[in-house]
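1. compute the structure for the input listed below.
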Amino acid sequence: MSVSRLWSAVAGAGLALMIAAPAGAAPVKQITGAGSTFAYPLYSAWADHYAKRTGIELNYQSIGSGGGIRQIEARTVDFGATDAPLTAKQLKQHGLVQFPTAMGGVIPTINVPGIKPGQLALNGRVLADIFLGKITKWDAPAIKKLNPGLHLPDLRITVVHRSDGSGTTFIFTDYLAKVSPEWKSTVGFGKAVNWPSSGNVGGKGNEGVAAYVQRIRGAIGYNEYAYVLQNHMNYADMINRDGRRVAPTAGNFAAAAANADWKHAPGYYLLLTDQPGAKSWPITGATFVLVPARPAHPDNIKTVLKFFHWGFTKGKRIAESLDYIPMPHSVVRMIENTWHQEIKYHGHSLWK
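-> You can find the predicted model right below:
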């Protein structure tokens, strides 16, 4: 099945797919997950391929990272998915184990007449000033300075942001807080922030932001890259920390992720925005899964771990085809060791 047909098949509130139970486990009819829209294309594609093996249903609700965290804390799903990692203290407080599953990029998406994908370049300070409402026209001097020779229209900018709690927002606003002292002091970063009120529109999920950006002339928003590709969205290049113009590509996401030191990140809490390097895409982040450390339904959690083990070991090409960066083998070994040490039922490890 092509990726575009896959999207048509799974579009909607949830995803019902078939995945396999681990050998020796009690029969499990269904496992459930909820959260990250950033990870949704990847988990959809993994599950579609893995479905051919078995008969267990996975119901994944693409409701945003905030919703995924709330649902796993309430134990209404088997796993939560978030792009805003929890701290080691938060994990302990809620009895959760966290691990990254892939890395990818968040992209400024635009609707500027006459401008093709990748023709426009922005830097962090200008991007922050646009979202602060300080730059209100596409032909503003600060934008023209970054784009000599590019005809920019005298058109009002409409800022589009996520209206729901979102890990994509967490990654995006973490970047803006790093490159703009004014953004850091007035707005800050998080899954949800108090957006400057002038001239902006809120959309729910990646799909909501994309719909507004594509419909409103002069709009700018932010979406994860697989969603940008699937929906043929217009986007801007970025000027990175080293002052180099970079396009949103898997290679440039990988350049940003190359400095990731997962070994020394308690609970795998690690942010990848504004990384050094000539090729580094500056708005790069990881997506994470949360599972109970002491599950009430151990067979379900075994099945969840089996699925992600398959994704790590057999699903790398699928991840790369969607411009995600797979987790390195050394990190996968660390993650599975974490499963063995920290996820237990009646004192016994669920993952051997």
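2. low-confidence ranges, the protein, go.
-> 1-26, 198-199 (pLDDT under 70).
3. can you do 50?
-> Residue ranges of the chain with pLDDT under 50: 1-23, 25.
4. how about the contacts made by the residue most central in space within it?
-> The structure's the chain has its C-alpha centroid closest to F38; by C-alpha atoms, centre = their mean the separation is 3.2 Å. Residues in contact with F38 (C-beta atoms under 8 Å, 6 or more residues apart in numbering) are S65, D83, G104, V106, G167, T168, I171, N206, E224, G285, T287. (Glycine included, C-beta is placed from N, CA and C.)
5. how near is D154 to L146?
-> 17 Å (C-beta to C-beta, to the nearest Å).
6. who's more crowded, these two?
-> L146 (17 against 8; other C-beta atoms under 10 Å).
7. tell me the helix or strand right after the longest strand seen in the chain.
-> Determined from DSSP state E, the single longest strand within the chain is strand 96-110. Once strand 96-110 ends, the next helix or strand along the chain (criterion: DSSP states H and E) is strand 121-123.
8. list the buried residues for that following strand?
-> For strand 121-123, the neighbour count (16 or more other C-beta atoms under 10 Å) marks A121, L122, N123 as buried.
9. show me the beta-bridge partners of the last one.
-> Beta bridges link N123 to I239, judged by DSSP bridges.
10. contacting residues for it?
-> By C-beta under 8 Å, 6+ apart, the neighbours of N123 are L146, V179, M238, I239.
11. what domains does the record give for this protein?
-> Domains of the chain are assigned by automatic domain parsing as 3-105+284-349, 106-258.
12. figure out which of the ones you listed is closest to Q275.
-> domain 106-258 (4.3 Å; C-beta to C-beta).
13. for that closest one, measure first residue to last.
-> 17 Å (C-alpha to C-alpha, to the nearest Å).
14. ditto for stretch 156-175
-> 24 Å.
15. in it, what counts as buried?
-> 157-175.
16. check stretch 49-69 too.
-> 49-51, 56-69.
17. tell me which of those residues fall in strands.
-> I56, E57, L58, N59, Y60, Q61, S62.
18. about what we covered before: so how far is the longest strand of the chain from its chain's centroid?
-> Offset of strand 96-110 from its chain centre (C-alpha atoms, centre = their mean, to the nearest Å): 3 Å.
19. ok, back up a step: and the residue nearest to the centre of the chain, its phi and psi?
-> phi -60, psi -40 (degrees, to the nearest 10).
20. contacting residues around I283?
-> I283 sits in contact with G105, V106, I107, P108, I171, F172, Y175, Y222, M238, T273, where contact means C-beta under 8 Å, 6+ apart.
21. give me that answer again for 10 Å
-> Residues counted as contacts of I283 (C-beta atoms under 10 Å, 6 or more residues apart in numbering) are 104-108, 124, 127, 168, 171-172, 174-176, 179, 222, 224-225, 238, 240, 248, 253, 256, 272-274.
22. same thing with P100?
-> Here P100 is in contact with 83, 85, 260, 262, 265, 268-270, 272, 285-289, 327, 331-332, 334-335 (criterion: C-beta under 10 Å, 6+ apart).
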